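Visitor: Have a look at this prediction, sequence included:
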Amino acid sequence: MSSTCLASLAPRCARLALVSALLLNLAILSRAQSATTPPAHPATAASAKPYSHPGGHHEGVTVHGHWTIDVKNPDGKLVTHTEFENALVVPGGAQNLTQLLLGEQVPGGYEIALESGTATGNGPCAPLPSATGGQCFLLGSLLSPTPGTFQDTRTRCGGSAAPNQITATGPCYPLTVSAPSGLTSAGFTVNGTATASTTTSITDVYLQPVTCFRGGLGGGNTSPNSCAQTSGSTVSLTHATLPTPVPITTAGQLIAVTVQLSFE
């Protein structure tokens with residue numbers, strides 16, 4: 001269009017001139033602000049981003065129990081190898097952790113129970129002299145080696161005068177409790193070996209701390225050392241029902257169990 005407006009188009013030219021002037025002013029103002037406004041502080045920019053865990057997870061604290069069960073013949077030949085994860089028992093296991101963290105209970109050791117069925121109390125090991133059923137019980141004190149006076153009041157495993165002594169040949173079996181070397185991981189490992197006396201398969205497994213109520217034994221405060229040398233009670237911490245039972249094919253086979261407990 002010509003720089004001079006025709007008389008018939010004067011109103012339209014006036015409006016176009018006004019719009020052009022407004023756009024020119026806005027462009028000048030925008031350049032002025034960009035030249036004078038300082039950039040955002042890095043900390044301010046970072047705080048606007050949502051927090052993300054380096055691994056990309058947004059979970060709470062979890063308890064992992066990784067189990068390995070190897071069934072071997074008496075000559076050491078491996079028959080079956082089974083690995084699986086278990087879960088924290090709720091509410092019992094969660095309450096037990098709470099009481100330990102608050103100091104209402106003190107730890108004395110740990111117990112593993114291998115069973116066939118959750119209600120029968122049966123299992124592949126010989127029945128304890130003081131009980132029926134054939135659950136396999138493996139116990140370990142937090143003292144090393146397991147003292148002769150260590151005893152679980154529920155199973156009566158342990159104690160030099162008890163009918164259920166903890167020995168390599170049973171009726172209750174020793175369990176080793178070990179912490180990882182250094183502080184690179186949070187957790188610990190328990191492992192032991194029991195001997196099968198029947199061909200009953202293993203369907204359910206439990207990891208249970210042996211604990212004492214603080215001040216509940218003989219008055220005064222109970223330390224972990226004194227709990228490990230007296231009598232404690234067990235509460236299931238973790239439990240798993242296996243999708244495929246671990247078979248025991250011959251009496252006398254060895255059942256080697258390892259549990260790696262970790263917190264993440």
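Guide: Perfect, I can see it now.

Visitor: what pairs with the closest residue to residue 113 other than its chain neighbours across the strands?
Guide: Excluding the flanking residues, the one nearest residue 113 by CB to CB, 6 or more residues apart in numbering is residue 206, at 4.3 Å. C-beta here means a position set from N, CA and C on the backbone, and glycine is covered the same way. On the basis of DSSP bridges, residue 206 takes part in beta bridges with residue 113, residue 239.

Visitor: Isn't residue 109 up against residue 149?
Guide: No. Using CB atoms under 8 Å, residue 109 is not in contact with residue 149; the gap is 11.9 Å.

Visitor: Just want to know which of those two has more residues nearby.
Guide: residue 109 (28 against 15; other CB atoms under 10 Å).

Visitor: For that one, give me the pLDDT.
Guide: According to the prediction, residue 109 has pLDDT 84.

Visitor: Next, it: secondary structure please.
Guide: Classification of residue 109 by DSSP: H, G, I helix; E, B strand; the rest coil places it in strand.

Visitor: So which residues make contact with the helix or strand hosting residue 66?
Guide: In this assignment (DSSP states H and E), residue 66 forms part of strand 63-72. Contact with strand 63-72 is made by 78-88, 97, 114, 187, 196, 202, 205, 207, 237-238, 240, 246-249, 253-264, as judged by CB atoms under 8 Å, 6 or more residues apart in numbering.

Visitor: start to end distance for stretch 238-255?
Guide: One end of stretch 238-255 sits 19 Å from the other (CA to CA, to the nearest Å).

Visitor: which residues touch it?
Guide: Stretch 238-255 is contacted by residues 63, 65, 67, 69-74, 79-80, 82, 84-89, 93, 114, 116, 118, 124, 136, 193-207, 261 when judged by CB under 8 Å, 6+ apart.

Visitor: Next, the buried residues of that stretch.
Guide: Residues 238-240, 242, 246, 248, 253-255 are the ones in stretch 238-255 that count as buried (16 or more other CB atoms under 10 Å).

Visitor: Need the mean per-residue confidence for it.
Guide: Stretch 238-255 shows a mean pLDDT of 94.

Visitor: Check stretch 81-98 too.
Guide: On average, stretch 81-98 scores 84.

Visitor: again with stretch 122-130
Guide: The model assigns stretch 122-130 a mean pLDDT of 88.

Visitor: Next: stretch 201-219.
Guide: pLDDT averaged over stretch 201-219 gives 76.

Visitor: Would you map the helices across this structure?
Guide: 10-36, 42-47, 92-102, 224-228 (DSSP state H).

Visitor: Least confident of the ones you listed, on average?
Guide: helix 42-47 - the lowest mean pLDDT of the helices of the chain, at a mean of 30.

Visitor: before we move on, the earlier item: JSON lines for the buried residues of stretch 238-255, including distance to residue 171?
Guide: Shown next, in JSON lines, are the buried residues of stretch 238-255 (distance: CB to CB, whole Å):
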{"residue": "238", "distance to residue 171": "24"}
{"residue": "239", "distance to residue 171": "23"}
{"residue": "240", "distance to residue 171": "24"}
{"residue": "242", "distance to residue 171": "24"}
{"residue": "246", "distance to residue 171": "20"}
{"residue": "248", "distance to residue 171": "17"}
{"residue": "253", "distance to residue 171": "17"}
{"residue": "254", "distance to residue 171": "15"}
{"residue": "255", "distance to residue 171": "14"}
